[in-house]
Every structure is written in structure tokens, then in C-alpha cells.
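K.L.:
with the input below, show me the fold.
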Amino acid sequence: MTARMALLAGLLATALGVAQAPAPSSGLDLAGFDRSVRPQDDLFRFANGRWLATADIPPDRTTYGTFAELADRVEADMRAIVEDLTRAPRRRPGSPEQLIADLYTSVIDEARVDALGATPIRATLTRLESARTMRDLATEAGVLTATAGGGPFAVTLGVSTTDATRVIAQVAQGGILLPNRDYYLVNDPAFIAARTKYESYISRILTLIGRTDAAAAARAVVAFETELARMQLPPVESTRSASAATVNTLAELSASMPEFDWRAWAKPQGLDLAWGLSLQQSSFFRSFAKLAASTPIDTMSTWLTVRHITAMAPYLSRPFIDARFEFFGTDLTGQTLPRARWKVGVGLVSGNLTDAIARLYVERHFPPPAQARARRIVANVIKAYREAIEDADWLSRSTKSQALAKLTNLSLRIGFPTSWRDYAGLQISPTDLFGNVMRARRFDGDFRLSRVGGGARDGEWLVSPLSVNAFYSQGMNAIFVPAAFLQPPLFDMAADEAVNYGAFGATIGHEITHGFDDRGRRYDAGAIARDWWTTDEEREFARRASGLVTQFDAFSPIEGSRVNGTLTRTENIGDMVGLSVAHRAYRLSLGGKPAPEIDGFTGDQRFFLGYARMWRIKVREDYLRQWLLAFPHAPYEYRTNGQVTNHAAFYEAFGVTPGDKLFRAPAERNKIW
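P.N.:
A predicted model of the protein is given here:
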């Protein structure tokens with residue numbers, strides 16, 4: 001149809017009163033493009049360059065970009081809900097509305113909090129100062145862990161790898177407050193300066209609670225944490241150790257590591273009832289037990305005191321807040337302002353009354369059609385994944401069959417849980433911030449630990465519907481896509497599907513891949529740990545993945561620092577396969593019809609531009625240094641430019657040829673399936 005004919009048809013339809021469907025939106029942020037950059041040379045900057053040049057990282061953040069923008073949007077939506085509730089004339093005691101409004105009010109009343117000084121933590125500090133035995137210290141460490149009040153080791157609940165009906169406790173190495181072991185051990189000028197400032201921070205907060213030996217005590221704590229850092233496994237080794245971790249009973253731990261009182265540590269958390277504990281880095285814990293036995297009780301007591309004050313500082317008076325922010329915010333990351341008080345309040349509500357506020361958020365901001373469309377995209381990605389597995393000529397028919405069975409058993413949890421949690425029994429007061437925090441954390445801890453004896457629950461959600469992220473659980477063979485994630489530009493109800501598949505579809509493909517990557521493939525369709533790949537297949541998988549390690553090792557976002565291709569390998573595999581499968585799924589969604597051109601871009605071009613738009617981000621350099629040391633994800637620039645060079649469809653979409661900066665010879669392109 002010519003342009004003249006199309007115009008006449010449109011005028012006729014209008015004259016006859018026939019409603020015309022609105023023209024589809026591309027979903028692209030055209031204003032953020034930098035058209036002085038060729039997509040064949042730098043897709044990341046072509047799609048995001050103008051935004052990168054003009055956007056500022058907010059002073060209360062270390063990074064800013066797509067996911068932070070969406071988190072801000074969710075935060076503002078929650079603020080509106082919370083403040084509507086605080087203005088309501090009557091709230092039934094114990095109702096979700098009362099709990100939300102009063103918890104938020106207790107945060108906003110800064111004058112009351114400031115007047116209390118260190119009083120809220122005095123009881124815990126007194127117990128720590130009175131500790132005289134290893135049992136005393138282990139008990140207090142368990143209490144602090146149970147209340148998220150500065151416990152030394154992170155404890156999470158997981159499903160047994162041998163029996164999916166049993167819940168176990170997973171315990172990770174820890175005990176240090178600097179971002180990474182290298183901050184204690186490497187004599188880089190930046191790390192030396194961080195250690196000096198950390199010691200000053202410890203001395204400062206100990207002075208705030210009236211310690212007259214603050215400087216000497218600070219030196220002792222830093223020395224103790226330095227020893228812990230030496231014992232910690234580096235990130236790559238730590239991940240390998242966690243993958244091979246075994247489950248032990250408390251009796252077995254007490255027998256093999258008698259220097260630390262594991263029973264006293266476990267009891268306040270309810271872990272004495274657990275079927276078993278999995279120490280994710282067993283060598284660290286063996287060394288820790290010996291170090292604890294040889295360290296003066298006073299030093300360990302002060303170490304726990306520092307951890308408790310640091311954990312609880314956001315809910316104490318201004319001097320504690322300032323001390324914590326000036327070191328952990330400004331000194332370590334370059335952040336220039338702390339979070340606004342209302343943001344602290346909203347964060348506390350969403351973290352401790354998650355289902356109560358999420359239910360209200362879903363009612364306002366997540367309509368049923370959005371969930372239905374998201375499910376259609378996910379179903380198409382799974383269909384494409386089936387095809388990709390079938391096409392993998394290096395997998396045997398038996399392995400393919402088991403892989404397809406795992407896909408069939410994949411549980412999809414889109415938007416929000418089918419049933420919401422009840423907060424009956426939780427006491428929240430508008431005038432007791434610290435008490436609210438402690439009661440809410442204990443309430444949540446009791447709720448989580450009630451699972452220890454009861455096994456995994458069908459339909460259970462492991463993440464908040466308010467999270468701007470998506471997740472895969474190996475132990476449950478389930479994907480979680482929170483409602484807060486399903487909003488533009490990651491998922492756009494008003495847009496053509498190309499961008500939705502490039503962002504949301506690639507995310508789903510990434511998460512599914514975690515069920516078949518170097519760790520996920522060790523779990524079968526029933527989420528039981530079992531080797532179901534042949535030795536040759538595992539060897540071939542490792543060979544194919546090694547190319548990604550080499551590729552990402554070459555990227556250097558900061559002079560003198562490089563991406564760790566081994567550390568980021570698993571996530572890079574997820575990105576590469578996820579992008580490939582999502583593109584296949586996008587083609588399937590077209591049903592054999594040609595994609596329309598919108599905003600001057602073909603469907604395939606919009607697909608890759610949507611992918612690039614998802615990874616839009618700016619990062620403070622101080623924080624990027626931490627990122628490169630410890631984070632399992634590569635910086636987002638390389639998640640874009642590094643990944644698209646492995647996909648033939650990208651070359652076809654943009655006409656990439658030898659001489660273009662994003663060209664990789666076909667033999668150098670990486671592919672799993």
C-alpha cells in the first residue's frame with residue numbers, strides 16, 4: 001500500500017467511526033542514543049551514549065542505571081502507599097495497615113531516635129562485655145545472626161541436594177567488614193588507606209559508646225579480621241568450595257571443630273533443630289575455630305561489638321549514622337550523601353513487612369494482563385530452549401532427554417506468590433524504632449526457621465515481589481520473576497515484542513541457563529544432586545566455556561585492573577545462552593511473519609538495542625574496584641558488547657563486517673548451544 005493509499009484508508013476509517021489500533025511503540029529510548037557512535041563498533045554506547053554523557057549518579061548511590069531507576073520508581077510507589085496509610089484516620093491494631101504505618105512513622109521521628117543515643121544497644125553491649133567463655137561468645141554470635149544484628153557468618157536456608165523435602169542451613173565464610181579479603185592483605189595504596197580509615201572508624205564508634213581504650217581495641221579488631229581474611233578462600237575458590245560442600249550434623253561439627261561451641265552458636269537461631277548444616281567453605285571454618293580458641297576473649301567480644309554497632313547504626317542516633325556512612329559510604333565507595341530518611345523508612349517496611357506492602361503494590365501497579373503476557377513470553381523462551389538443546393550435537397540423546405525433563409519440571413513463579421504471608425503476632429510501635437527492627441527480625445527469623453523441620457513448601461517465594469531482578473533456584477528448579485521487575489524498559493506492555501524479548505526474554509533465558517550451567521547441571525529434574533552428564537559432555541562444556549573466560553579476561557574498565565573471566569564465567573554463560581535463546585524465541589513469536597520496522601529499526605535491531613538498553617549503568621570508580629574483585633557479574637558494558645559479538649544474528653542485524661570494532665572472526669565466537 002502506498003503512503004497516499006494508507007492516508008486515504010485512515011481518513012475513511014475515521015469518517016466511518018472505525019477505531020484504529022494505535023501504532024506499536026518500539027519501546028526504545030531514542031533520546032538516550034548516541035548516533036555519533038556506530039552500533040557495529042560499540043552497541044552499548046550507541047544505545048546509551050547520550051544518557052551516559054548527561055546522567056549523574058545520585059549522591060546517595062554508588063551506581064545508577066536501568067535497575068536503579070526502576071528501584072527508584074518502585075520506592076516512590078511504595079512511599080505513596082505507605083504515606084496514604086499513615087494519613088488514614090483509623091487502623092485496626094495488628095492489621096497490615098497498622099504495622100506498615102507505625103513502622104514507617106518510627107523511622108521518620110528522627111528527634112526521638114537521636115535523643116536515645118546508644119541506649120537501644122546498651123543491653124547487647126553489656127552482654128558482650130560480660131562474655132567470659134567461648135560458649136558465651138558463641139551464644140552472642142548466634143543471637144546477632146538470628147536478629148541480623150551483626151552476626152559473623154551469613155546463614156541461609158536451602159534444600160538438601162539429596163532429598164528435596166529437607167531444608168538445611170547453609171553457612172558462608174565471613175567475619176570481616178571491609179568489602180573483600182584483598183583490602184586486608186594487598187599493599188595497594190588504596191587498600192592501605194582503607195585499612196587506616198577502617199581502624200579510625202572502629203575507634204570512633206567505640207568512643208561513642210564510652211570505651212576509653214578505643215584506639216588499642218580498634219587495632220586488635222583489625223588484626224583479628226586480617227587473620228580471618230587470610231583464612232578466607234578467594235571468590236573463585238569460595239564458589240567451588242560451596243558447590244562441593246557437604247552437610248554435617250551439629251554433633252559432627254562439634255567433634256571435628258571442638259574449639260568453637262557450635263551448639264551454643266546454633267541454638268539462638270533455632271539451627272539446633274536443623275536436619276544438617278552445610279559449611280560452604282569448610283577450610284575457613286576449621287581455621288576460624290582454631291583462631292577463636294587462641295584469641296583473647298576481650299578481642300573477640302570487641303569484634304562482635306563493632307559488628308553489632310555497624311549493623312544497627314542506621315537505626316541509632318545521628319553520630320552513629322554519620323560514622324558509618326562516612327566510612328562505608330564516602331571513604332569506600334565515593335558516595336557523597338546518605339539515603340534520605342523516607343527511603344530508609346520505605347526500605348525498612350519493604351524488608352520486614354514484605355508481603356504486606358507487596359500485596360498493596362501489586363493491587364495498584366501490576367494488572368493481570370501484565371502477568372499473562374509475561375507468561376506467554378516465558379513459555380516461548382522455554383520452547384526456544386527446548387529447540388536449542390535438541391540442536392546441541394555434542395549432547396547425547398540420553399542427556400538431552402533428561403535436560404528436556406528438567407525444563408518440563410521447571411516451576412515458573414511470575415509476579416507474586418499465590419498466598420500472602422500473615423504477620424499476626426508481630427508488635428510494631430510508632431515510637432520504638434530499634435525495638436521494631438529487633439522484633440521484626442526475630443519474627444522473620446522464627447518464620448524462616450519454622451521451615452527447618454517442615455521441608456520445602458510448594459509455591460513458596462524465596463524473593464520479594466518488590467525486587468527489581470529475576471532469580472533461579474537450583475534446589476527448587478524454579479524461576480522467580482517479581483512484579484517490580486516487570487516494568488519498562490525491561491518489560492513494556494505498550495511496546496512491540498522485539499525489545500521485550502531483548503530484555504525480559506534474555507533475562508529468562510539467562511535464569512534458565514543456571515539450571516544447566518557448570519553448577520546447575522549437577523541437579524536433575526527432581527532438583528536432586530546427581531551426575532547425569534557424561535564425562536565427555538562435561539569436558540566439552542568446559543572447553544566451550546573456556547573461550548568466554550579468555551574473552552572476558554581481556555576487558556579492562558580501569559587502567560591496571562581487568563575483569564576476572566573465571567570469577568564471572570557462570571554469569572557470562574547465562575548471558576550468552578540467554579541472549580541466543582531469547583532471539584530464537586523472538587523469531588518464534590513472529591509466527592513466520594516479517595517483523596515491522598519501527599522508529600527506523602528492524603525487529604532484530606530492536607531486539608539487540610533492547611538488550612543493550614537493559615545494561616545501561618554508571619558506576620563510581622571506587623565502587624568499580626570492589627566490583628572487579630568480588631562480583632560474579634562482569635561490568636555491564638561488557639555484558640553488552642562482549643556478548644553480542646558471539647551471536648551471528650547481531651552481525652546480520654547491523655551488517656557487522658571485518659574492520660568493525662565488534663567483529664569477531666567466526667572461529668573465535670563462543671557458543672554453548
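
K.L.:
next SSE after the helix or strand bottoming out on mean pLDDT in the chain?
P.N.:
Lowest mean confidence among the helices and strands of the chain (mean pLDDT, DSSP states H and E): helix 3-15, at a mean of 45. Following helix 3-15 in sequence order, the next helix or strand is helix 43-54 (DSSP states H and E).

K.L.:
what comes up buried for whichever helix or strand comes after that following helix?
P.N.:
Proceeding N to C from helix 43-54, the next assigned helix or strand is strand 63-65, under DSSP H and E. Residues of strand 63-65 classed as buried by neighbour count (16 or more other Cβ atoms under 10 Å): T63, Y64, G65. For glycine as for every other residue, the C-beta is placed from the backbone atoms N, C-alpha and C.

K.L.:
ok, of the residues you listed, which one's closest to F288?
P.N.:
T63 (32.1 Å; Cβ to Cβ).

K.L.:
what about the spatially closest residue to the closest one that is not a sequence neighbour, how many residues nearby?
P.N.:
Spatial nearest neighbour of T63, chain neighbours left out: V619 (4.7 Å); criterion: Cβ to Cβ, 6 or more residues apart in numbering. V619 has 22 neighbours, counted by other Cβ atoms under 10 Å.

K.L.:
I'd like the distance between the spatially most central residue of the chain and T62.
P.N.:
In the chain, the centroid-proximal residue (Cα atoms, centre = their mean) is N469; its distance is 6.9 Å. In this view, N469 and T62 are 17 Å apart by Cβ to Cβ, to the nearest Å.

K.L.:
for the longest helix along the chain, packing partners?
P.N.:
The single longest helix within the chain, with elements called by DSSP state H, is helix 368-391. Helix 368-391 sits against helix 397-409, strand 411-415, strand 478-482, helix 506-513, helix 569-589, with contacts defined as 3 or more Cβ pairs under 8 Å, 6 or more residues apart in numbering; DSSP states H and E.

K.L.:
for these, which one sits closest to R439?
P.N.:
Here strand 478-482 is closest among those (Cβ to Cβ), at 25.8 Å.

K.L.:
what about the next helix-or-strand element following that closest one, distance to the chain center?
P.N.:
Once the chain leaves strand 478-482, the next helix or strand it forms, by DSSP H and E, is helix 497-500. On the basis of Cα atoms, centre = their mean, to the nearest Å, helix 497-500 sits 24 Å off its chain's mean C-alpha point.

K.L.:
so what are the domain limits for the chain?
P.N.:
118-315, 383-408+496-668 (automatic domain parsing).

K.L.:
now name the helix or strand holding T156.
P.N.:
Assigned by DSSP H and E, T156 falls within strand 155-159.

K.L.:
next one: that strand to chain centre, how far?
P.N.:
Computed by Cα atoms, centre = their mean, the chain-centroid distance of strand 155-159 equals 16 Å.

K.L.:
which other residues reach that strand?
P.N.:
Here strand 155-159 makes contact (Cβ atoms under 8 Å, 6 or more residues apart in numbering) with 145, 166-172, 269, 271, 278, 448-449, 451-452, 456, 475-476, 527.

K.L.:
also stretch 365-376?
P.N.:
The contact list for stretch 365-376 (Cβ under 8 Å, 6+ apart) reads D77, L412, I414, G415, F416, V481, A483, L486, Q487, F491, M493, F504.

K.L.:
likewise for stretch 50-63?
P.N.:
Here stretch 50-63 has contacts from 29, 31-34, 45, 64, 68, 333-340, 343, 616-620, 622-623, using Cβ under 8 Å, 6+ apart.

K.L.:
mind listing which of those are in helices?
P.N.:
Judged by DSSP H, the subset of the contacts of stretch 50-63 located in helices is R45, A68, T333, K343, D622, Y623.

K.L.:
and R132, that's in a helix?
P.N.:
No. R132: not assigned to a helix; according to DSSP: H, G, I helix; E, B strand; the rest coil it is coil.

K.L.:
return the distance of it relative to V362.
P.N.:
Taken as Cβ to Cβ, the span from R132 to V362 is 51 Å.

K.L.:
ok, these two, which is more surrounded?
P.N.:
Using other Cβ under 10 Å as the criterion, R132 and V362 rank with V362 on top: 20 against 10.

K.L.:
hang on, the more buried one packs against G415?
P.N.:
Yes. The criterion here is Cβ atoms under 8 Å, and V362 meets it with G415 at 7.0 Å.

K.L.:
can you list residues touching both of the two?
P.N.:
Shared contacts of V362 and G415 (Cβ under 8 Å, 6+ apart): P465, A483.

K.L.:
so T534 sits against S396, correct?
P.N.:
Yes. The criterion here is Cβ under 8 Å, and T534 meets it with S396 at 6.3 Å.

K.L.:
ok, F325 touching T336?
P.N.:
No. At 9.9 Å, F325 does not count as touching T336 under the criterion of Cβ under 8 Å.
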